[in-house]
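Visitor: what shape does this take:
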Amino acid sequence: MSISDLFDSGFKKRNEDHFAAIVRIAMDDGIISDNEKAFLDRLANNLDIDDEDYKNILKNYHMHPINPPVSYDRRLERLYDLARMVYVDRIQGKDEQNLLKKIGIGLGFNTDNVKYIVDKALALVSHGVDLDTFIDEMKNMNK
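Guide: Coordinates of the predicted model:
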């Protein structure tokens, strides 16, 4: 096995785990809506999740850990995807926001301000911001 094979498998595993975290949010209400399915399809394509892995993750999404990225920008990218899933799902209420907070903590955000971070992320996504704007706004929220 070459070093590139190790890198590719680790990268693939992180993408699968990220995808599984988003499936976890989509499945919070027990079903995947048409909007969620379309979002998951696009995301799977962007993350290079093949059809077999896609089906396996849908069945076993709880088996994938939330692996926090080292980079703060990568954490924000993942939070963006997760917040978009919550928004697409029209998730409201404490259960769903608590799930997003738990995943936020799993992504490495500080427990003291994760509620503020999640609320800000959901507000930005509800305004339809793109990823670059989201990252800029999240980074500037403490200034």
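Visitor: Ile25: how many residues sit nearby?
Guide: By the measure other Cβ atoms under 10 Å, the count of residues near Ile25 is 23. Any C-beta I mention is one placed from the backbone N, CA and C, and that applies to glycine too.
Visitor: pretty sure it is touching Ala83, no?
Guide: No - when contacts are counted by Cβ atoms under 8 Å, Ile25 is not listed as touching Ala83 (9.3 Å).
Visitor: identify the contacts common to the two.
Guide: Taking Cβ atoms under 8 Å, 6 or more residues apart in numbering as the contact rule, Ile25 and Ala83 both touch Leu100.
Visitor: for stretch 85-92, the averaged confidence score.
Guide: Averaging pLDDT along stretch 85-92 gives 66.
Visitor: what of stretch 125-133?
Guide: 92.
Visitor: show me which parts of it are buried, residue by residue.
Guide: Val125, Val129 (16 or more other Cβ atoms under 10 Å).
Visitor: same question for stretch 42-61.
Guide: Result for stretch 42-61 [16+ other Cβ under 10 Å]: buried residues Leu43, Ala44, Leu47, Ile49, Asp53, Tyr54, Asn56, Ile57, Leu58, Tyr61.
Visitor: name the nearest residue to the second one, sequence neighbours excluded.
Guide: The shortest distance from Ala44 to any residue that is not its chain neighbour, by Cβ to Cβ, 6 or more residues apart in numbering, is 5.1 Å, and that residue is Tyr54.
Visitor: residue nearest the centroid of this protein?
Guide: Leu82 (3.3 Å; Cα atoms, centre = their mean).
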